[in-house]
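Visitor: After the sequence you'll find the predicted model.
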Amino acid sequence: MKIENPNPIQWQFSERAQQLQSSFIREILKITQRPEIISFAGGLPSPATFPVERMKEAYDKVLLDAGKVALQYGPTDGYGPLREWIANSLSTEGSRILPEQILMTSGSQQALDLLGKVLIDEGSRVLVETPSYLGALQAFSVYRPEFKSVETDEHGLVPSSIDAIAQGARLLYALPNFQNPTGRSLSVERRQELVETCARLGLPLIEDDPYGTLSYRGEPSPKMVAMNPDGVIYMGSFSKVLTPGIRLGYVCAPLPLVRRLELAKQAADLHTAQLTQMVVHEVVKDGFLDQHIPTIRKLYGDQCQVMLDAMAEHFPASVTWTKPEGGMFIWVTLPQSIDAMKLLDQSLAARVAFVPGAPFYANEPATNTLRLSFVTVPPERIREGIAILGKLIKDML
């Protein structure tokens, strides 16, 4: 029997819950599910790169050989053999990473949340790039920090600008490789300067690196964690090299910090799925990624060039854009007179989607910017969509 409730519950949400905001990108993606939309909006890896058969074989083998272990609760820090594989992959001749420094997470987004929970108090100063990854801003915002924007130029983050805003900062968050949203990468010289600056200031540096292996030239850049393992927190993910559906990421941190992160994870979800970790280890342990990743690089590099060529043909001379050498994104700067949000309204009406740039800024958003992703769109649709977008821009000048 249904109970009649004369006094409906008046939900009293916490101040933190009232502050939560939906990701602008996620809202756009709801629209782009329609097949007629040419979507340059999502930061989604191409399904054409998903190793479906290899994953199926690994699931079958793990369940057949160790099913009862795979389906049981696991340790909070993660599956030992996979943590050892990750530690070995991050180690260099001059910098040894221990498996004990690795914490497996439910996607790298959980790593961002755990880092915010452990390192940020309300009002804590947090340094971020200009612009920065929207998912990080969203994760850290829950803990109510004071964001300070680090100066950037066409080559990315400017390390010499950090001293002026570093007083009392808890961390600096950076994506050095093919950054989301701009596609820019830091030079070796800037990486070294950034690491040295943070070490001198005693400032923890978060190196978020989901795209580092996706260099179109196949030449990986040096990892900053290898330059200073005691001061750099490295974040990695299997989403861009295998599949995002498995929701598997990891964080590599100095031992005092990783233990705190482990405690925070215990309170969040006890542990990341044991079955998923064992399957991923089965997939990667014998060098599968060495053959698989080059196919991703080739596909993304070809489609990036298609988009760059189309932009050169159809965009007016007053528009500028980045020319990434890896990753998944191109960053576009429009004339100051054009608001990308207004352009989006017209673009969606013409069945083309992109992400306006303003949400990627922690402070003082540039409303004349936007992000384009090319990896899930076939070449002919890229050309069609860019031609439409170019015409709309010209019409707004």
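Guide: Ah, there it is.

Visitor: can you pull out the helices in the stretch 201-350 of the chain?
Guide: 224-227, 255-269, 274-284, 288-314, 340-349 (DSSP state H, counting those that start in this stretch).

Visitor: For the chain, give me the ranges with low pLDDT.
Guide: Applying pLDDT under 70 to the chain flags residues 1-3, 5-6, 22-29, 31-32.

Visitor: again, only using 90
Guide: 1-36, 42-43, 93-94, 218-221 (pLDDT under 90).

Visitor: Dead centre of it: give me the residue that sits there.
Guide: Central residue check for the chain by CA atoms, centre = their mean: the C-alpha nearest the mean position is that of residue 210, 5.8 Å away.

Visitor: Is it possible to get a markdown table of the helices of the stretch 201-350 of the chain that adds mean neighbour count and distance to residue 205?
Guide: From N, CA and C alone the C-beta is placed, and that goes for glycine too. Listed next are the helices of the stretch 201-350 of the chain as a markdown table, based on neighbours: other CB atoms under 10 Å; distance: least, CB to CB, whole Å:
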| stretch | mean neighbour count | distance to residue 205 |
| --- | --- | --- |
| helix 224-227 | 22 | 7 |
| helix 255-269 | 16 | 12 |
| helix 274-284 | 22 | 27 |
| helix 288-314 | 16 | 26 |
| helix 340-349 | 16 | 31 |
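
Visitor: I'd like to check which residues are in contact with residue 289.
Guide: Residues near residue 289 by CB atoms under 8 Å, 6 or more residues apart in numbering: 213, 241.

Visitor: and with 10 Å instead?
Guide: 51, 89, 213, 238, 241-242, 283, 296 (CB atoms under 10 Å, 6 or more residues apart in numbering).

Visitor: Please identify which pair of these lies farthest apart.
Guide: 51 and 89 (17.9 Å; CB to CB).

Visitor: So between the two, which is more surrounded?
Guide: Comparing residue 51 with residue 89 by other CB atoms under 10 Å, the one with more neighbours is residue 51, at 18 against 11.

Visitor: contacting residues around that one?
Guide: 57-58, 241-243, 283, 288-289, 291-292, 295.

Visitor: one step back: among the helices of the stretch 201-350 of the chain, which comes closest to residue 171?
Guide: Closest among these, using CB to CB: helix 255-269, at 10.5 Å.

Visitor: Check the contact between residue 381 and residue 39; I expect there is one.
Guide: Yes: shown here, residue 381 and residue 39 form a contact pair, counting by CB atoms under 10 Å, at 9.2 Å.

Visitor: Touching both of the two, which residues are there?
Guide: residue 352.

Visitor: Compare those two and say which is more crowded by neighbours.
Guide: For residue 381 versus residue 39, neighbours defined as other CB under 10 Å are more numerous around residue 39 (22 against 15).

Visitor: Can you tell me which of the contacts of residue 289 is closest to residue 223?
Guide: Distances from residue 223 to the contacts of residue 289, taken by CB to CB, are shortest for residue 89, at 10.1 Å.

Visitor: Let me know the closest of the contacts of residue 51 to residue 332.
Guide: Closest to residue 332, out of all of the contacts of residue 51 and judged by CB to CB, is residue 241, at 26.5 Å.

Visitor: ok, that closest one to residue 347 distance?
Guide: 31 Å (CB to CB, to the nearest Å).
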